[in-house]
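A.B. asks: make a model of this:
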Amino acid sequence: MCAVALVAIPRSIFAQDASNVADKFAVISGTVVDSIRGGYLVGAVVRVNGTSRAAMTDTLGRFRIDSVSAGSHQLEVIHPLLDTLGMTLKTPPMSFHAGANTSIRLSIPAGLTVVTAKCSAADRKVGEAALIGMVLEADGDAPAVGANVSLEWVDLIPADKGFRKVFQKRAASVRSDGSFRICGLPADLSTNAIATRGTDSTSIVGVRPSPFLALVTFFLPAGAKTTAPGASEARRSGVLMGRILGADGVPMAHVRVAVDGDDTVAVSGNDGEFVLGRLRPGTRTVTVRALGYQPVERVVAISSLEPRFLDVKLDKVVPVLKSVEVSAVRDIGLERVGFTQRQREQPTGRFFTPEYIERRNPQNLVMLLETALELRRRRTWDGKEYIRASVGCLRYFIDGARLAPAVEDDVLSAPDSYLNAAEIGAVEIYNRDNVPGEYASSDRTAAPCTVVLIWTKFRLGI
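C.D. replies: You can find the predicted model right below:
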């Protein structure tokens, strides 16, 4: 037999050994600041180049790297934001001493610094701001070869009888690494950008430099050449699920959730949860609407590889300012959405201006639309009032996006179920024979539909 002797070792020896080990290494701690978007850079990897030592920043941008060998080292920050900028963030070589804790503050370059580095002096004379970003494949994050990015806006110049419109457009091709840049933009620009490739496109994404730089990452579905042979439509489809909450944090039922570019519609259950399936992959705009609540639009990257999750909190509709206080803003809003131009050029359309709607002061959408010859007021078997086209089918567009019904021609999916009359800013009505091309719609038999365009005060900025 073997006898084992247990020997008590004083704790002070262990403490001394630990202290000796610590004395041989340096500790590096600090924060990483996001100078472009403000606040701290969360989820960034800070590594000591040439070693295996690294750490990730927390929700306050803090990091701590221990057991760093004494000597001269260079720190590098790795984060998707830097990939989008096409920049690296490295410190010059720095000396770190054994037993010392060195505190460092690292910072992403400010927007103006990035624009100065990425755009020519000639471009900056045209406009001080820039749009920089990436266009990637929705499934796999590879560069979206062959894609283009464009944005356009309207400058409204005061004239004798209102405003004079000057159309502006900028575009760029995506480089082999998936990056793009559009320089020479106004610093106070507020518009939308879109990525396209062939006949496919993403949803539009809001662009607003803050103040000199706007960053956008687009995701496009794979083109025909990159789609695996035999891949099923189901495999290429994405899933979006989430939960709708009120301002008080309580789940909300009967809230309508739709994705731009897809006819699939979901309505939240009693637990506030919803699921949308068979969605096209890519950058898509999700619209959430509930009666009496401010609509919410979120941009989501849909992928067929895994579901995307989205939690939305809705706020009650905020009372708008009196018309006398917002008349100039309202005129600009109507110009931007094309209402004013179509009113001039489409005499066969019917136009309900903000002034007309205010005079009518309808209790709901049905009461407003029933005066149009192209439409008829009807009732369901249980007494619910709704609007039908005088002839054929009827389609609604809210703020330029088609309101797809949960079921074809389902009267319960009409805007009245999700749109308060107080939210309506302007309305356009076109019979089936004179619908503007961008809003043309048809039924299952390819017969043209009467179209109602509804512009909310939210979109008009009033």
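A.B. asks: switch to C-alpha atoms for all contacts and neighbour counts from now on
C.D. replies: OK.
A.B. asks: could you pull out the strands for the stretch 301-450 of the chain?
C.D. replies: 308-313, 350-352, 375-379, 385-389, 394-398, 401-402, 424-430, 450-456 (DSSP state E, counting those that start in this stretch).
A.B. asks: which residue is nearest the middle of this structure?
C.D. replies: residue 299 (2.7 Å; CA atoms, centre = their mean).
A.B. asks: OK, contacts around that residue?
C.D. replies: Residues counted as contacts of residue 299 (CA atoms under 8 Å, 6 or more residues apart in numbering) are 205, 283, 284, 285, 286.
A.B. asks: quick one: which of those residues is most hemmed in?
C.D. replies: residue 283 (28 neighbours; other CA atoms under 10 Å).
A.B. asks: find the nearest non-adjacent residue to that one, please.
C.D. replies: The shortest distance from residue 283 to any non-neighbouring residue, by CA to CA, 6 or more residues apart in numbering, is to residue 301 (4.5 Å).
A.B. asks: follow-up on the earlier one: among the strands of the stretch 301-450 of the chain, which is nearest residue 55?
C.D. replies: Nearest to residue 55, of all the strands of the stretch 301-450 of the chain, is strand 308-313, at 27.2 Å by CA to CA.
A.B. asks: ok, back up a step: specify the beta-bridge partners of the residue nearest to the centre of the chain.
C.D. replies: Residue 299 forms beta bridges with residue 285, as assigned by DSSP bridges.
A.B. asks: again, but for residue 158
C.D. replies: In beta-bridge terms (that is, DSSP bridges), residue 158 pairs with residue 163.
A.B. asks: what about it, neighbour count?
C.D. replies: Residue 158: 10 neighbours (other CA under 10 Å).
A.B. asks: just residue 444 next, same as before
C.D. replies: 8.
A.B. asks: what's the separation between it and residue 144?
C.D. replies: 34 Å (CA to CA, to the nearest Å).
A.B. asks: over to residue 245?
C.D. replies: 35 Å.
A.B. asks: could you do residue 44 as well?
C.D. replies: Taking CA to CA, one finds residue 44 at 25 Å from residue 144.
A.B. asks: higher neighbour count, the two?
C.D. replies: Between residue 44 and residue 144, residue 144 has the larger neighbour count (other CA under 10 Å), namely 27 against 21.
A.B. asks: that older thread, which ones are touching the residue nearest to residue 283?
C.D. replies: Contacts for residue 301 (CA under 8 Å, 6+ apart) come out as 138, 218, 219, 281, 282, 283, 284, 308.
A.B. asks: next: residue 336.
C.D. replies: residue 154.
A.B. asks: with residue 256 instead?
C.D. replies: 265, 266, 267, 268, 288, 289, 290, 418.
A.B. asks: which residues does the third one bridge with?
C.D. replies: When you say that, I think you mean residue 267. residue 256.
A.B. asks: if you go through the protein in chain order, where are the helices?
C.D. replies: Here the chain has its helices, by DSSP state H, at 11-23, 80-85, 111-118, 121-126, 323-336, 339-345, 354-360, 365-369, 457-460.
A.B. asks: nearest to residue 101, of the ones you listed?
C.D. replies: helix 11-23 (10.6 Å).
A.B. asks: I'd like the average pLDDT over the closest one.
C.D. replies: Mean pLDDT, helix 11-23: 51.
A.B. asks: check stretch 77-91 too.
C.D. replies: Computed over stretch 77-91, the average pLDDT equals 91.
A.B. asks: could I get the buried residue list for that stretch?
C.D. replies: Under the neighbour-count criterion of 16 or more other CA atoms under 10 Å, stretch 77-91 has 77, 78, 79, 81, 84, 85, 86, 90 buried.
A.B. asks: circling back to that earlier point, which one of the contacts of residue 301 is nearest residue 348?
C.D. replies: Among the contacts of residue 301, and counting by CA to CA, the member closest to residue 348 is residue 284, at 33.4 Å.
A.B. asks: check that closest one and give its pLDDT.
C.D. replies: 91.
A.B. asks: repeat that for residue 314.
C.D. replies: According to the model, residue 314 scores 90 on pLDDT.
A.B. asks: and residue 126, how many neighbours does it have?
C.D. replies: Neighbours around residue 126, by other CA under 10 Å: 12.
A.B. asks: my read is that it contacts residue 185, right?
C.D. replies: Yes. Under the criterion of CA atoms under 8 Å, residue 126 makes contact with residue 185 at 7.1 Å.
A.B. asks: pLDDT weak spots in this structure?
C.D. replies: 1-22, 161-162, 223-236, 317-329, 404-414 (pLDDT under 70).
A.B. asks: list the residues that contact the closest residue to residue 421 other than its chain neighbours.
C.D. replies: Spatially, and ignoring its direct neighbours in sequence, residue 421 is nearest to residue 364 (4.7 Å; CA to CA, 6+ apart). Residues counted as contacts of residue 364 (CA under 8 Å, 6+ apart) are 416, 420, 421.
A.B. asks: quick one: contacts for the nearest residue to residue 457 once chain neighbours are set aside?
C.D. replies: Spatial nearest neighbour of residue 457, chain neighbours left out: residue 425 (4.6 Å); criterion: CA to CA, 6+ apart. Listed by CA under 8 Å, 6+ apart, the contact set of residue 425 reads 353, 354, 357, 454, 455, 456, 457, 460, 462.
A.B. asks: please redo it, this time with the cut-off set to 6 Å
C.D. replies: 354, 455, 456, 457 (CA atoms under 6 Å, 6 or more residues apart in numbering).
A.B. asks: which residues does residue 192 bridge with?
C.D. replies: What pairs with residue 192, by the bridge criterion (DSSP bridges), is residue 152, residue 206.
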